[in-house]
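Novice: how does the following fold in three dimensions:
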Amino acid sequence: MIPLTQKLNSSKVLVIGPCPETYLNKSYLDEKRSEGYSIVSFSCSSLIFLYDIGFVPDFHAFIDPQSYCRVGLKTGIKFLNQIHYIGYSHLANYPTLLSSNKNIFGSSRFGITDFLSNKEYTDFFKRYPPFNSYYSFLNQEASMVNAESPNTKIDINFSKKLYRLYSGKSEIDKLTYFMIPLILFFFKNLSNLNIYGFGYFQNQRYSGGTKTSYPKYKNAFKKILPLYRGPAFNKNIILSIDKSSFYSELSSLKNC
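Specialist: Numbers count the residues shown, from 1 in each chain. Next up is the predicted model:
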């Protein structure tokens, strides 16, 4: 296990989200690796696509146990053993997952009812919790922040403390409430952040995906933007996001 206080030296990070398979190809990823990027795969779908083309990400994180189990059952535990985990220690095993949900949302079943009703998934999670299945486990307890509260202090220094923004309760969590705080905290020399795959809401992202929840994303995104415009946000980081992404406005934050 990597010490909790250790941070990563990579100055360039590519974050891959839940993009369609046609948006992801081996040559693109190989090019990024040759440019010195550490690759963080942050969705069930992108990891499976990476596995299909034989690419192993440097780091991997999940925010929901169902995605973790789906990938683990598809790729096998040996594949997970090659992946470094970065994330929150309260998602490390089955009991802490439930207690974290209870603490944050008032219900241990919040957001994971499908997972809890799937015996194959729960058995897998209990047998192979993240801290047993991943190659290395870089985790940290997070400070809880209600980013949408009028009393929240906007000047948050993301590099000095790991924050968990628990206001968002839909898929927008993946990037703005979970991933960006993780990256800003764990990569101490970050100068280039390339976000790819998040916010392609105008396209079909995966089999079975719909657009019914998109208004929620837009409302939540508007509320979270002021937090990243705060004085402590590192304006020296070069942020690259495709213009067709719903989150493209984030790329202008360094100039705010």
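Novice: for this protein, what spans make up the strands?
Specialist: 12-16, 38-41, 59-60, 84-88, 136-140, 143-145, 163-165, 192-196, 238-241 (DSSP state E).
Novice: spatially nearest residue to the residue nearest to the spatial centre of the chain (excluding sequence neighbours)?
Specialist: Computing the C-alpha centroid of the chain and ranking residues by Cα atoms, centre = their mean puts residue 179 first, at 3.8 Å. Among residues not flanking residue 179 along the chain, residue 42 sits closest, at 5.4 Å (Cβ to Cβ, 6 or more residues apart in numbering). (Glycine included, C-beta is placed from N, CA and C.)
Novice: circling back: could you tell me the least trusted of the strands of the chain?
Specialist: Here those differ in mean pLDDT, and the lowest is strand 59-60 at a mean of 66.
Novice: check the gap between the closest residue to residue 175 other than its chain neighbours and residue 134 for me.
Specialist: Nearest residue to residue 175 in three dimensions, chain neighbours excluded: residue 198, at 4.6 Å (Cβ to Cβ, 6+ apart). For residue 198, the distance to residue 134 (Cβ to Cβ, to the nearest Å) stands at 22 Å.
Novice: what distance separates the start and the end of stretch 146-162?
Specialist: Start and end residues of stretch 146-162 are separated by 14 Å (Cα to Cα, to the nearest Å).
Novice: what mean pLDDT does it have?
Specialist: Computed over stretch 146-162, the average pLDDT equals 73.
Novice: start at 26 instead
Specialist: Noted, 26 is the first residue going forward, which turns the last one into stretch 171-187.
Novice: lowest-pLDDT helix or strand in this structure?
Specialist: strand 84-85 (a mean of 66; mean pLDDT, DSSP states H and E).
Novice: helices along the chain, start to end?
Specialist: In the chain, the helices defined using DSSP state H lie at 51-59, 69-77, 90-100, 102-105, 119-130, 138-141, 144-152, 155-158, 205-211, 239-253.
Novice: and residue 220, what are its bridge partners?
Specialist: Applying DSSP bridges to residue 220 yields these beta-bridge partners: residue 40, residue 266.
Novice: what's around it, how many residues?
Specialist: 26 (other Cβ atoms under 10 Å).
Novice: contacting residues around it?
Specialist: Contact analysis of residue 220 by Cβ atoms under 8 Å, 6 or more residues apart in numbering lists 40, 42, 200, 264-266, 270, 272, 275.
Novice: again with residue 117
Specialist: Contacts of residue 117 by Cβ under 8 Å, 6+ apart are 154-156, 162, 164.
Novice: ok, these vs residue 59, which is closest?
Specialist: Nearest to residue 59 out of those is residue 162 (Cβ to Cβ; 27.4 Å).
Novice: correct me if wrong: that closest one contacts residue 118.
Specialist: No. Assessed by Cβ atoms under 8 Å, residue 162 is found out of contact with residue 118, at 11.1 Å.
Novice: show me which of the two is the more surrounded one.
Specialist: residue 162 (19 against 16).
Novice: look up how far residue 54 lies from that one.
Specialist: Counting by Cβ to Cβ, the gap from residue 162 to residue 54 is 24 Å.
Novice: same thing with residue 111?
Specialist: Taking Cβ to Cβ, one finds residue 111 at 18 Å from residue 54.
Novice: looking at these two, which is more packed in?
Specialist: residue 111 (24 against 20).
Novice: tell me the bridge partners for the more buried one.
Specialist: residue 163.
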